[in-house]
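In: below is the structure, and that's it, no one-letter string:
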């Protein structure tokens, strides 16, 4: 199930809190799955689609994969690059446990990942000198939480077509490093994102352990109970 709201999409595969709709200034929910963007070069876009994200060894938020819910932020990357060499990838991100970093020299600015957090979030216009643009930014520690789902922008139609073909090919042959790796729910037999398994519960009709999406024993489609 997906929900559209003011250009932002929330994806609910049964493993996240449903119905959370965010603009860049809204706080992400732990375990939520959100649309984000990553700006990169044409060559790097090819490599990311084929082999997955490689975490940055450092940066404003330390090690991880940097991205933003604000496509304007992503459009500024790579720095010192011309528009003819800039690609914006659309991502689906399972954020896990999120730490808000909203000031310079925050005590967990570089160590959030070693303190039990999966994603660091810098809200827009928070006054950090290291973010002069004031635009929202995120850093995800584990690249397996990030899936490339579309080409949001490419410098030419030809490059967009090439990248889309690579993406279509990668989607048909999922790889864990690319964030496309899928697990199969043992109960409903549907594909799930790695690390985002479906919630299990008792079917109120037959009493069997089932996935919340469907009951394979009595064939009843179940409703989410939250």
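Out: Thanks, I have it. Note that the structure is predicted; figures quoted are calculated from it, not measured. Residues are numbered from 1 along each chain as shown.
In: what does the longest helix out of those in the chain rub up against?
Out: Counting by DSSP state H, the longest helix found in the chain is helix 157-172. Outside of helix 157-172, the residues within contact range by Cβ atoms under 8 Å, 6 or more residues apart in numbering are 42, 45-46, 49-50, 87, 148, 150-151, 153-154, 178, 180. The way it works is simple: take the backbone N, C-alpha and C, and place the C-beta from them, glycine included.
In: buried stuff in that helix?
Out: With burial defined by 16 or more other Cβ atoms under 10 Å, the residues of helix 157-172 counted as buried are 159, 162, 163, 166, 167, 170.
In: what is the nearest of the residues you listed to residue 29?
Out: residue 167 (27.3 Å; Cβ to Cβ).
In: got the residue ranges for the helices in this protein?
Out: 42-51, 71-74, 157-172.
In: for the nearest residue to residue 25 once chain neighbours are set aside, the count of nearby residues, please.
Out: Here the nearest residue to residue 25 in space, its sequence neighbours aside, is residue 124; by Cβ to Cβ, 6 or more residues apart in numbering that works out to 5.4 Å. Residue 124 has 17 neighbours, counted by other Cβ atoms under 10 Å.
In: could you check the angle helix 42-51 makes with the longest helix of the chain?
Out: Angle, helix 157-172 to helix 42-51, by axes from the mean of the first three to the mean of the last three Cα atoms, to 10 degrees: 20 degrees.
In: quick check: mean pLDDT of helix 157-172?
Out: If you average the pLDDT over helix 157-172, you get 93.
In: how's the chain carved up into domains?
Out: According to automatic domain parsing, the chain comprises the domains 2-172, 182-226.
In: show me the shaky parts of this protein.
Out: Within the chain, the segments meeting pLDDT under 70 span 1-23, 173-205, 211-226.
In: quick one, strands of it?
Out: 2-5, 8-11, 33-40, 65-67, 87-94, 98-100, 119-122, 137-140, 146-153, 182-184, 191-193, 200-202, 209-211 (DSSP state E).
In: follow-up on the earlier one: any of the contacts of helix 157-172 buried? List them.
Out: So, by 16+ other Cβ under 10 Å, the buried ones in these are 42, 45, 46, 49, 87, 148, 151, 153, 154, 178, 180.
In: from those residues, pick the one nearest residue 55.
Out: Nearest member of the buried ones among the contacts of helix 157-172 to residue 55, counting by Cβ to Cβ, is residue 178, at 13.5 Å.
In: any chance of the helices of the chain in CSV, with distance to residue 26 too?
Out: As requested, the helices of the chain are exported to CSV (distance: least, Cβ to Cβ, whole Å):
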stretch, distance to residue 26
helix 42-51, 27
helix 71-74, 15
helix 157-172, 28
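In: quick one: which of those helices is nearest residue 119?
Out: helix 71-74 (15.4 Å).
In: got the buried residues for the closest one?
Out: 71, 73, 74.
In: do you know how far the first one is from residue 170?
Out: With the distance defined as Cβ to Cβ, to the nearest Å, residue 71 ends up 22 Å from residue 170.
In: ok, residue 143 next?
Out: Taken as Cβ to Cβ, the span from residue 143 to residue 170 is 14 Å.
In: ok, now residue 96?
Out: 23 Å.
In: could you do residue 67 as well?
Out: Counting by Cβ to Cβ - residue 67 and residue 170 are separated by 18 Å.
In: again with residue 122
Out: For residue 122, the distance to residue 170 - Cβ to Cβ - is 29 Å.
In: and residue 101, how many neighbours?
Out: Residue 101: 27 surrounding residues under other Cβ under 10 Å.
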